Each structure stands twice: as structure tokens, then as C-alpha cells.
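J.: Provided below are the primary sequence and the corresponding predicted coordinates.
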Amino acid sequence: MSIEKSPLRRKLDKLFVPLTVGPTLLWIAAIIIYPTAKLLLSSLQFRNPVTNEMEFVGLRNFQRLIFAREGGDAALGVFSPSFVSITTNTVIYVGFSVSISFLLGLGIALLLDKDLKGRGWFRTAVIVPWILPYVMSGLMWRWMFQSDFGAINGALQRLGIISGNIPFLSDGALAMMALIIADVWVFTPFIIIILLAGLQNVPEQLYDAAEVDGASRWSRFWNVTYPFLKPSILVALTIRIIFDIRALDLVWVMTQGGPGKSTEVWASWLYRTAQVFNEPGTGAALGVVLLAVTFAIVASLYKIFGESPYEA
Amino acid sequence: MSTKKSPLNRLRRSLGLDTQNEWPSVARERLLAYGLLAVYVLVIWFPIYYIFITSIKPSSEVLSLPITFLPQNPTAQNYVDIFTNRPFDNYTINSMIVATTTTLICITLGTVTGYSFSRYDFLGNKSLLLSIVGARMIPPIALIVPFFQIMSNPPLIGGLTGSLYDTRLALILTYTFFNLPFAVWIMKNYFDGIPESLDEQAQIDGCSRWEAFVKIILPMAKPGIAATAILAFIFSWNEFVFALVLTSSEQAQTLPIAVSLFVADDFVDWAHLAAGGMIAALPGILFGLFFQQYIVSGLTQGAVKE
């Protein structure tokens, strides 16, 4: 039995889509258009230290950012790193963090995909680091690497591996290593979750068939697992890379870019120029670079994997 | 014939098994998997254990050598201190209000909008959805400059509110900006999994679009809403950078900021920092232990399109 709809209800029905989609779109348009426009504008301005006015300077912020040499920056009045050095640091940080956490995450995901008793418990246990506040995780690792009372020096000494203290966070290369370890600790669970979901798509019969054919473990992974896992790998890598380039939390609470400028990355230099040195123009210019690089990375990853980013 | 002294052989011997005979490969593989997973879990949980025992050691023990891996005099004093000597009650309330409000806005708008995107063809819905997904690619840190300017001097509503700098509202607005696209995307994918014939049947039975959505579909979407809510809550609870840029006092600062404040120029108050860190980490640990499947399904719906 169908009930006749009243005119009012029909009118309300017509308004369903505008009313449910409209507010959200306005809200999201605000995030894309307004702040991005403001970012582009700020990147073309420079705060005059005397009058405190924002003055239009064209592309000079970009020029200063990219061709900056190590040392004093007359305009900022501070010691600045060269663009090459913060870019190198960013590449080292992101490159090592992403590749180590990817391989580790893939290994753990393959183990968790096995039909093991109690794997729900293992899954819960491996996910937790990713859910904790990054600040807490960063400070926790800073405490682990602390040279006098940190657990790592303490454990190494107790095991008789070292006799003195290793000053992890006051040596440039070791500080970068510590940052990478913390980053891998925080983000490997993310890789595990995404790849584990992808592994559910591999049909069980294919494994059985490969086994009957006597395929080696390696060829089973490469010919059976990988093709089904490829979309998940792409998503995991894309999100990992673009989230690592923009990540400030760990760097800021663990090393603040130090010692010296040895762990200064794009995100920390952006924050420092914009907020600490109160020079929004330079920070905004770096923000524009970051935005462009993010889109370039996403586009090229999808090109490499030969998939359309918008399969939806 | 010599016996190989591999760890696996040692394990076999300790289990009373003959090292010369191969185990059935399935059992061997399973044991190896358990062993590797157990080692991995122990290693990644060790730092959490160490920060926890630091939080229940008296400051004097934290800074004494040799360091202890079992607390000698466990105490709750650090926790008492941070709530009496520092405004941790304010920080906790700020975190609660900001994360809860953000979550409510995101699931309300995310659910209704996700539903419409899943069910209806309307003007440019494909490209609108793409721009929502694209919005997630914008690195938030690139926007600290504009957000600082916008919140200090809000457009349109500025005359009404004045500067929003150092208010919880500034954080709520900012976090909603960044979590809403994600919420829409998860919910759209979730609704795609609910058969459209259910809506059609309800409308044939005389329900309006609104009634069909509220009475029939919404109850079925509860797991998706729960997943979205948990993720939005965790992201807002943990957020640090914008809280650092947009707040400056205990009237709006959240727990991540509060924990970072224990770091002074050349001295870190590790015992109290550890206690504050545990408070900040508590919701995450609880969510992880009890709602793991929602977190996994939310992330999977949000990241991988099946």
C-alpha cells in the first residue's frame, strides 16, 4: 500500500541533496579556496621589520628561499641553512623512514595474514604506537635516547656492549637516526593496517594452485600476492610520503632541527621562519613549494604504478 | 653429523624435539611467525613501558644511576603534582571539548553528505567528490600562516567574535576543516556498501527521502559512523602543530601542548613529563585496545577503495 506524499513533503524531498551537501561543500570550499589564496598572497609579501606592514615583493621570497646560502640571512637577521641542506635532510628523513617502515610493515602484515591463533591480540598490540599523540611519542623517544638516563644507553651498558654514554641527540647523524627510528615506530602500524586490508583481496585458491605448481615462496609473493596488493601498496606509500614531508611534530619535540641544523627539514624550517622568526612571507613561500611537491609526488607515484588516482 | 647451533635448533632441543628431524613445515612456519611477532611486539612496547615506569618513579629515582628498569618506589605523586602544580585539569577539559565538538560536527555533516554522494547524481557530483579527496592532499603545515592570520582576524564574523586567537573555537574550526573531507569520504564508501534497494523499498512504502535515510539507512550505518567518530576524535585529540600556532594559554591549550611544556631550554622535567604523556596517551591506548576493529575498518574505508 503506498501512501500519497503531501506537497510539503515532496518539496522537502527535493531539498534533500542541497541541504545535505551544501553546508559541507561551503565548509570545504573555505578550506581550499580561502586559506590557499591567502597562502599564495603571503608568499609574495614580506613583513617590513620597521613598519610591520606586509609589502609586495613579487617572487623574491622564493628567490631568497631557494638560493639561500648557509649562514646569515640579512633579511631575517638569523643563521639560516641553505635550501639544499634542508632539502637533503628532508629526503634522507623521508626516504629512510618510509622505506624502512614499508619493508617492516609488509613483513608484519604478511605474518599477521597467516591463520594464527590470537592474531587479533597481535594486531591490537602492533597498532597502538600509531594512535598515541605524536608529541608524546617524540618525547618518549627523546627520553629513550637521552644520553645519561635514557633506556637505550642504559640497556647497552647493562648488556656490556658499550662502556660510556652515546650522545645520540647531540650528534648530527645519530640525531637523524634517532628521528628515523621514532618515525618508523610511529608509522609502521599504518602500513600494516593498509597492507593487511589489501591482503584480504588475494583469493585463497590462487595460493593453493601456486603451491601445487611448486612455485617458490618468492615467486608466490611476486606472481600471486603482489598484483592484488599493488593498489594498497600505492595508497600506503603515497600517504606515508606526503604525510612525512609535512610532519613537524616528531622533529620539533625531539631535536628542533638540531644539533646545529643537522635535522632541519622543510616542515621545521617553515614553522621556524613563519612563527619563531615572525616572517610569514618566507614560511608561505616554503608552504607553496611543499604544496607543489606534494601534488607532484602523488602524480608521479600513480604514474609509476600505472593506476589512475581516481579509480572511484 | 654435526648439529647446527641455530636458535631454532636450540628451541627444538629445549622443547625435547629431535634436531635432526625436520618438523612438519606448517608447524615450523607457524612457530617462526609467532616468534617473530612476539619479538616485534616486545620491542615496540618497550618504550611505552619505559615511559610508564618513569611516570611512577619519584623524580630523584628518574635522575639517578644506574637507571632502573623496575621502579624501586612506585608512586602516583607525579600525577598528583601535574594536576595541582600545573593546570592539567584545564588542559584535559580543553582537549575533551575540542575533540568531542570536532567529532560531532564531522560525523553529522560527514554522514549526511556522504549519504547524498553515495545515492544521488547531482550537478558535478563526481568532480565535487574529487575535490573533497584532493583537499586531503593539502599539507596542513603549509597553511599555518593563513590560519594564523585568519584566526587572529576572522573574516565575516570578525566583528562579532573579535580575534579567535587562543580560543578553543579556533581549534575546533581548524580541526573540522581537516577532518571533514576524511569523514565524508569514509561515510560515502560505507554507504556504497549498503544496498540501494533498501532505500527504494522504503520510499515505495511511503517514506520520504528523509525518513528513508533516518529510519532505515542510518541505523545500518552505525559501525561506519563509529569508525569515523573514533578516527576524528583521535586525530583532534593528538593534534599538535595548529594547537602550537593558535593557542598560548591554559584557556585553550590542549594536552599535547601541555606535555611539550615540560621541556625547558636546558632542562626537561622527565618524571612529570612522563605522567602528562601517559594522560595524553590514555584515550589512544584505550581506543586501540577496545575498538581496534573500528580503527582498522575506518582507515581501510578511507584509504583503500575496494
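T.: Received, thanks. Residues are numbered from 1 along each chain as shown, chains lettered A, B, ... in the order given.

J.: CA only for contacts and neighbour counts going forward, please
T.: Fine.

J.: Poorly predicted segments of the stretch 201-312 of chain A, please.
T.: Scanning the stretch 201-312 of chain A with the threshold set as pLDDT under 70 gives A:307-312.

J.: Find the closest residue to chain B in it.
T.: A:Gly287 (4.0 Å; Cα to the nearest Cα).

J.: That residue reaches A:Ser268, doesn't it?
T.: No: here A:Gly287 does not reach A:Ser268: they are 11.3 Å apart, not a contact under Cα atoms under 8 Å.

J.: So which of these two has more stuff around it?
T.: A:Gly287 (30 against 24; other Cα atoms under 10 Å in any protein chain shown).

J.: give me every residue that touches the more buried one.
T.: Contact analysis of A:Gly287 by Cα atoms under 8 Å, 6 or more residues apart in numbering or on different chains lists A:39, A:270, B:141-143.

J.: what helix or strand does it sit in?
T.: helix A:280-304 (DSSP states H and E).

J.: Spell out, range by range, the strands that occur in the stretch 51-200 of chain B.
T.: Read by DSSP state E, counting those that start in this stretch, the stretch 51-200 of chain B holds no strands at all.

J.: Show me what from it comes close to chain A.
T.: Residues of the stretch 51-200 of chain B lying near chain A by Cα under 8 Å from any Cα of the partner chain: B:51, B:62-67, B:109-110, B:112-113, B:116-117, B:120, B:122, B:130, B:132, B:135, B:137-147, B:150, B:177, B:180-181.

J.: same thing but 7 Å
T.: Within the stretch 51-200 of chain B, the residues that sit near chain A (Cα under 7 Å from any Cα of the partner chain) are B:51, B:63, B:67, B:109, B:112-113, B:116, B:135, B:138-139, B:141-143, B:145-147, B:177.

J.: Low-confidence bits of the stretch 1-150 of chain A, can you list those?
T.: Within the stretch 1-150 of chain A, the segments meeting pLDDT under 70 span A:1-5, A:31, A:68-79.

J.: And the residue of it closest to chain B?
T.: Closest point on the stretch 1-150 of chain A to chain B, by Cα to the nearest Cα, is A:Pro133, at 4.4 Å.

J.: Run through the neighbouring helices and strands of the strand or helix carrying A:Met140.
T.: Element membership of A:Met140 [criterion: DSSP H and E] is helix A:134-144. On a contact count with 3 or more Cα pairs under 7 Å, 6 or more residues apart in numbering or on different chains; DSSP states H and E, helix A:134-144 meets helix A:249-254, helix B:25-55.

J.: which other residues reach that helix?
T.: Applying Cα atoms under 7 Å, 6 or more residues apart in numbering or on different chains, the contact partners of helix A:134-144 are A:150-152, A:182, A:249-250, A:253-254, B:47, B:51, B:238, B:240, B:256, B:277.

J.: and the helices and strands packed on helix A:134-144, which one's lowest on average pLDDT?
T.: When the helices and strands packed on helix A:134-144 are compared on mean pLDDT, helix B:25-55 scores lowest, with a mean of 89.

J.: before we move on, back to that, could you pull up phi and psi at the residue of the stretch 1-150 of chain A closest to chain B?
T.: For A:Pro133, the backbone dihedrals are phi -60, psi 130 (criterion: degrees, to the nearest 10).

J.: Find the nearest non-adjacent residue to it, please.
T.: In space, A:Pro133 comes closest to B:Asn238 once its chain neighbours are excluded; the distance is 4.4 Å by Cα to Cα, 6 or more residues apart in numbering or on different chains.

J.: Please apply the same query to B:Ile295.
T.: B:Ile295's closest residue in space is B:Ala227 (Cα to Cα, 6+ apart), at 5.8 Å.

J.: Might you report the residue contacts of the one you found?
T.: The contact partners of B:Ala227, by Cα under 7 Å, 6+ apart, come to B:294-295, B:297-298.

J.: which SS class is it?
T.: helix (DSSP: H, G, I helix; E, B strand; the rest coil).

J.: how far away is it from chain A?
T.: 14 Å (Cα to the nearest Cα, to the nearest Å).

J.: so how far is B:Ile194 from that residue?
T.: 16 Å (Cα to Cα, to the nearest Å).

J.: Enumerate the residues of the stretch 201-306 of chain B near chain A.
T.: Checking the stretch 201-306 of chain B against chain A by Cα under 7 Å from any Cα, the hits are B:204-206, B:208-210, B:238, B:240-241, B:256, B:277, B:281, B:284-285, B:288-289, B:292, B:296, B:300, B:303-304.

J.: In ChimeraX, how would I select the buried members of the residues you listed?
T.: Selection of buried members from those for ChimeraX, criterion 16 or more other Cα atoms under 10 Å in any protein chain shown:
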select /B:206,208,209,238,240,241,256,277,281,284,285,288,289,292,296,300,303,304
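
J.: ok, back up a step: just checking, the residue of the stretch 1-150 of chain A closest to chain B touches B:Ala281?
T.: Yes: if you go by Cα atoms under 7 Å, A:Pro133 and B:Ala281 touch, sitting 6.2 Å apart.

J.: returning to what we had before: output the helices and strands packed on helix A:134-144 as a markdown table; include the columns distance to B:Ser95 and mean neighbour count.
T.: Output for the helices and strands packed on helix A:134-144, formatted as a markdown table (distance: least, Cα to Cα, whole Å; neighbours: other Cα atoms under 10 Å in any protein chain shown):
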| stretch | distance to B:Ser95 | mean neighbour count |
| --- | --- | --- |
| helix A:249-254 | 17 | 23 |
| helix B:25-55 | 21 | 16 |
